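**Q** sequence plus predicted model, see below.
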Amino acid sequence: MVHDMKSKSMEEHRRKSPIKVKVGVITLSDSRYLEDEEKDISGRLIIDSLQDHEVVSYSIIPDDADLLLEEVENLTGEVEDLNGKKADVIITTGGTGIGERDITIETLKKIFDKELDGFGEIFRYETYQELGTGALLTRATAGVYKKTLIVSMPGSPNAVKLGLKIILPELGHLVKHLRD
């Protein structure tokens, strides 16, 4: 009985959620930074998956904490970004590994007002189901900064597909809660 009540409540929230949200996409990659955007397969996958939403910004930056923070501030700040839009959601890909240059997770966790632990937990669980113990290397995360949802996924196209499968059905619902 309690489960049915929660489901009805969640479905009601989803019905009242925005259908279209504004999204900023950031690819972090030292190698992709100097290349053509078309070679950014993971970034393109994210953009292509957002057909029902509005992509207000897309950038490829090197693995640099200051540049990442600058991009996030541009998309969350009081001043609207270059496209005249503030993002409701920022999706990053890349820079989540355990190498010295992988700075995405440490940089973003420092600024999160709240962390959405469930995203990373589900991501790792699904990765474990598919790849086994290699899931230990997966450091996907999500959190909230200045009422903006930030989702960080690894740079591989398969990881991006998995992350999108998890987050896309809830995108409007999450934004609704951030606006309330």
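**A** Structure's in. What do you need?

**Q** nearest residue to residue 137 in space, please, no chain neighbours.
**A** In space, and not counting its chain neighbours, residue 137 is closest to residue 98: 6.3 Å by C-beta to C-beta, 6 or more residues apart in numbering. C-betas here are computed from N, CA, C, even on glycine.

**Q** three-state assignment of the one you found?
**A** At residue 98 the chain is in coil, as set by DSSP: H, G, I helix; E, B strand; the rest coil.

**Q** burial measure for it, as a count.
**A** Residues near residue 98, counting by other C-beta atoms under 10 Å, number 9.

**Q** can you pull out the helices in the protein?
**A** Using DSSP state H, the helices found in the chain span residues 2-15, 30-33, 41-49, 65-76, 104-111, 117-131, 157-167, 171-179.

**Q** nearest to residue 24, of those?
**A** Among these, the nearest to residue 24 by C-beta to C-beta is helix 65-76 (4.1 Å).

**Q** who does that closest one touch, helix- and strand-wise?
**A** Using 3 or more C-beta pairs under 8 Å, 6 or more residues apart in numbering; DSSP states H and E as the contact definition, the elements that helix 65-76 packs against are strand 22-28, strand 54-61, strand 89-93, helix 104-111, strand 148-153.

**Q** can you add mean neighbour count, distance to residue 132 and mean pLDDT and give those back as CSV?
**A** CSV is the format used below for those (neighbours: other C-beta atoms under 10 Å; distance: least, C-beta to C-beta, whole Å; pLDDT from 0 to 100):
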stretch, mean neighbour count, distance to residue 132, mean pLDDT
strand 22-28, 25, 26, 96
strand 54-61, 19, 31, 94
strand 89-93, 27, 23, 98
helix 104-111, 18, 22, 97
strand 148-153, 26, 19, 97
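
**Q** distance of the residue nearest to residue 137 relative to residue 112?
**A** Separation of residue 98 from residue 112 (C-beta to C-beta, to the nearest Å): 20 Å.

**Q** same check on residue 22?
**A** 20 Å.

**Q** tell me who's in contact with the residue nearest to the spatial centre of the chain.
**A** Centroid-nearest residue in the chain: residue 151, 2.2 Å away (criterion: C-alpha atoms, centre = their mean). Neighbouring residues of residue 151 by C-beta atoms under 8 Å, 6 or more residues apart in numbering: 89-92, 119, 142, 163, 167.

**Q** what about this protein, any weak spots by pLDDT?
**A** By pLDDT under 70, the low-scoring segments of the chain are 1-18, 32-36, 78-85.
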